[in-house]
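S.K.: Whatever this is, show me its structure:
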Amino acid sequence: MGRFDITLFNEFLQKNIGSPRVEINRLLRANHKNFQLSVGDIQLLNQERQQLFKDHHLVDFSWQNTQALAAFLAKERIYYRRDYVEQLNVCQSIFYYLRSYHSSGVTDQEIIEAIQQRYEVCHGDLEQLQGFFEDFPALEGEV
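M.R.: Predicted structure coming up:
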């Protein structure tokens, strides 16, 4: 099989997808947070994403799912950047775990909503949140 030139594809992505850092920081400002994510924070989140892709044999061409998780976390009572990044990283990890478990039949939005609902029940307790989805990866309403 020949090599493909993906230059046009990469140019399209760069022009049509905003910087994840800019988008998440916009969400944080809109929710009156006193912190912003640094380049290093985004690099850490990206490194974790790349490892999750390898671990779960997934591909994701955009940051939309992470940004959706960031949006609901921006509304939560999180006061420090480090805590926000940790919460986002764990939610992102849960999301890709569930995405690999539910390879079809469940939308990304349904997974995000399930994480958000359980996050609220757990009052932001990350260990309880992770433990729940590890023990019960099936989403409500699923047979």
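S.K.: From what I see, N25 and V39 are in contact.
M.R.: No: N25 sits out of contact with V39 when judged by CB atoms under 8 Å, with a separation of 11.0 Å. Just so you know, the C-beta spots here come from the backbone N, C-alpha and C atoms, and that holds for glycine as well.
S.K.: Neighbour count: these two, which is higher?
M.R.: Taking neighbours as other CB atoms under 10 Å, N25 and V39 compare with N25 leading, 20 against 9.
S.K.: how near is the more buried one to Y96?
M.R.: Remark: distance between N25 and Y96 (CB to CB, to the nearest Å) = 23 Å.
S.K.: same check, this time on L126
M.R.: 16 Å.
S.K.: which one of the two has more residues nearby?
M.R.: More crowded of L126 and Y96, by other CB under 10 Å: Y96, with 21 against 17.
S.K.: so Y79 sits right up against N34, yeah?
M.R.: Yes: the criterion here is CB under 8 Å, and Y79 meets it with N34 at 7.4 Å.
S.K.: Name the residue closest to the centre of the chain, please.
M.R.: Central residue check for the chain by CA atoms, centre = their mean: the C-alpha nearest the mean position is that of T66, 2.7 Å away.
S.K.: How about the secondary structure of that residue?
M.R.: Assigned by DSSP: H, G, I helix; E, B strand; the rest coil, the conformation of T66 is helix.
S.K.: quick one: contacts for it?
M.R.: P20, L45, R49, L88, Q92, F95 (CB atoms under 8 Å, 6 or more residues apart in numbering).
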